[in-house]
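Novice: take a look and give me a structure for this.
(2 chains)
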Amino acid sequence: MSKILLVEDDEVMPKIISRILPEPEYQVDIAVNGKEAMQKLEANNYQYDLIITDIMMPYANGFEILSKVKSHDREKPIPVIIVSNAGNEDMIMEGFKLGVDDFLKKPIIPAELIIRVKRLLMKR
Amino acid sequence: MNTTFSDIWQEIRYFYFNAPLAIQIAMVFIVIAVSATVIAYLVILRSRYRSYRRTKQLQKLLPKIDDLLINEILANPDIPQDVHPSKIDLPLAPFESLPLQKRWARVAMTERIIHFRSNVKGNAGALLRNLYLQLDLDKDAARRLKSPRWDNKVRALSEYVSLELPISDVTLLPLANSRNRELRAAARQAYIKLSKNEPFKFFDSVTDPLLPWDQVELFRIITTTEDIAIPNFARWITYSTNKSVIAFCLKLVVHYNQIAAVPAIIKLLDNRDHYLRGDAINALGKLRVKEAEDKLVQLYNTQPMFCQVEILKALGRTNSGKYVDFLRNEFTHATEFDLRKAAARSIARNSGRAREVMEELLATTTGQDLLILKHCMNPLIKY
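Specialist: Numbering: from 1, shown residues only, chains lettered A, B, ... in the order given. Sure thing, here's the model as predicted:
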């Protein structure tokens, strides 16, 4: 079972992602803002196989989560996928500079997300 | 009890009819004021209660809608994957449990479908659009589009755009020229987003000037809309009778680097409106049309200062080095500060021999001219 942390302040996206990445193959933990995501990471001692995060969120944005995750374990960092409305060039560049593994612009194609998630989990 | 009320009423009447006129008038005003206040409070209470009840109802309804949308539409294994989503008969029976005969529920359902579509696209997005149509929610939007109220029309247009529903030109074009700014902007946005073949046809029918704010909005819509067929804007530069449309098309030509429009822009240099000539010169400079330099220099002495400044800037942008001496001449002999500044900036921007000219000018000029040169050489100042 792969453990995924989904950080998203929109109420619809977690419902969709939880449904397209179903149990028992995936266990999706949901955080509704950056602060809660940081707390969940600390509480679970960064034991996640994948993080899917939005960028624009209250308290801490997706880039802050990304930096924290990538700096926590430099040897084998948790793969991160950004799924965001804010997909302008600068943001995509910033994301890749910080080490994001994949970038999806909303609206997403659910089947595409599943493939990208599986690909990153297989690499890990 | 009845006797008591009757007694009080008799007493009020007696007091009222025996009171002086001023008191009678004051009493009437007091009664009106107190009644109006009571009615206002009752209306506020009623609307607050209704909105509280609606919130409660929505709190129950929205999770049901979400579950149905996810289980019956997005993640339903019975929906065939190999058939185009628009041709699938969706399972509508589960949606009959929702109170969709009520308008507020239909509005909530529509908003939820739009919200879901802002999160998913592809087959899933098309299935949601199909559901919207099969539930006949589009009829509400069509009704709103015919409403005399502009805010209803704007809501309907936004629904049409979000769900990519086609609207006929006959309906949309009059709205694109509406006197109401919000409606006009929404209709133009809808026209550009929904018309796949000729998204800019409304440029042909715009009679009023495109206001600067309209232009900013349109520019944003045009440049951020995906899968839009970008035409050659030379068509409107040549034939439009609306000067603001021509000026706007010049900006679009520059943005899309439409070199094919250059002959149409050069023709504009003979236009009688000097603002349009200025815009055309500006566009030629930004497109770096070296072939236009001779004509620009030839026109220079007959132009108003606004156009002269644009010509000097254009010579800097084209950066051919051909007219460095002309620029030096203007810098040293022009009496207007703006002309000297534009000439200096263009010399600083030119490469090759312009560097030698700049060094020579730096060594020979003094006072204000030297300050202008140093200012223009600052790379942090945008040209």
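
Novice: need the contact list for B:V324.
Specialist: With contact taken as Cβ atoms under 8 Å, 6 or more residues apart in numbering or on different chains, B:V324 is in contact with B:347, B:350, B:352-354, B:357. Every residue, glycine included, has its C-beta placed from N, CA and C.

Novice: so the closest residue to B:R54 other than its chain neighbours: helix, strand or coil?
Specialist: Ranked by Cβ to Cβ, 6 or more residues apart in numbering or on different chains and with sequence neighbours excluded, the top spatial neighbour of B:R54 is B:W104, at 6.2 Å. Secondary structure for B:W104, judged by DSSP: H, G, I helix; E, B strand; the rest coil, is helix.

Novice: from chain A, how far out is B:W104?
Specialist: 19 Å (Cβ to the nearest Cβ, to the nearest Å).

Novice: can you pull the contacts of that residue?
Specialist: For B:W104, the contact set (Cβ under 8 Å, 6+ apart) comprises B:54, B:57-58.

Novice: ranges for the strands of chain A?
Specialist: A:2-7, A:26-31, A:50-53, A:80-84, A:102-105 (DSSP state E).

Novice: out of those strands, deepest packed?
Specialist: strand A:50-53 (a mean of 26; mean count of other Cβ atoms under 10 Å in any protein chain shown).

Novice: contacts for it, please.
Specialist: Residues outside strand A:50-53 that contact it (Cβ under 8 Å, 6+ apart) are A:2-8, A:17, A:37, A:62, A:65-66, A:69, A:78-83, A:117, A:120-121, A:124.

Novice: identify, by residue count, the longest helix of chain A.
Specialist: helix A:110-123 (DSSP state H).

Novice: tell me which element the residue sitting nearest the centre point of chain B is part of?
Specialist: Against the mean C-alpha coordinate of chain B, by Cα atoms, centre = their mean, the closest residue is B:E217 at 2.9 Å. If you go by DSSP states H and E, B:E217 is part of helix B:212-224.

Novice: which secondary structure elements does that helix contact?
Specialist: Applying 3 or more Cβ pairs under 8 Å, 6 or more residues apart in numbering or on different chains; DSSP states H and E, we find helix B:212-224 packed against helix B:181-194, helix B:243-255.

Novice: so which bits of chain A are right by chain B?
Specialist: Taking Cβ under 8 Å from any Cβ of the partner chain as the measure of proximity, chain A contacts chain B at A:10, A:12-13, A:15-16, A:19-20, A:85, A:106-112.

Novice: which one in those is the model shakiest on?
Specialist: pLDDT is lowest at A:N85 among the residues of chain A next to chain B; the value there is 84.

Novice: give me the number of residues near the nearest residue to that one once chain neighbours are set aside?
Specialist: Take A:N85 and drop its neighbours on the chain: the residue closest to it by Cβ to Cβ, 6+ apart is A:K106, 4.7 Å away. By other Cβ atoms under 10 Å in any protein chain shown, 16 other residues sit near A:K106.

Novice: pLDDT value on the residue in the stretch 201-350 of chain B that chain A sits nearest to, please?
Specialist: Closest to chain A within the stretch 201-350 of chain B is B:T224: 9.6 Å, counting by Cβ to the nearest Cβ. B:T224 is assigned 81 on the pLDDT scale.

Novice: mind listing what residue 21 touches?
Specialist: All of this is about chain A. A:4, A:28, A:114, A:117.

Novice: my question was about chain B
Specialist: With Cβ under 8 Å, 6+ apart, B:L21 has no contacts at all.

Novice: just the pLDDT at it, thanks.
Specialist: 93.

Novice: these two touch, right, A:I82 and A:I65?
Specialist: No: if you go by Cβ atoms under 8 Å, A:I82 and A:I65 don't touch, sitting 9.6 Å apart.

Novice: would you turn the contacts of B:W104 into a markdown table with distance to B:K153, neighbour count and secondary structure?
Specialist: Shown next, in a markdown table, are the contacts of B:W104 (distance: Cβ to Cβ, whole Å; neighbours: other Cβ atoms under 10 Å in any protein chain shown; DSSP: H, G, I helix; E, B strand; the rest coil):
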| residue | distance to B:K153 | neighbour count | secondary structure |
| --- | --- | --- | --- |
| B:R54 | 23 | 13 | helix |
| B:Q57 | 27 | 15 | helix |
| B:L58 | 25 | 16 | helix |
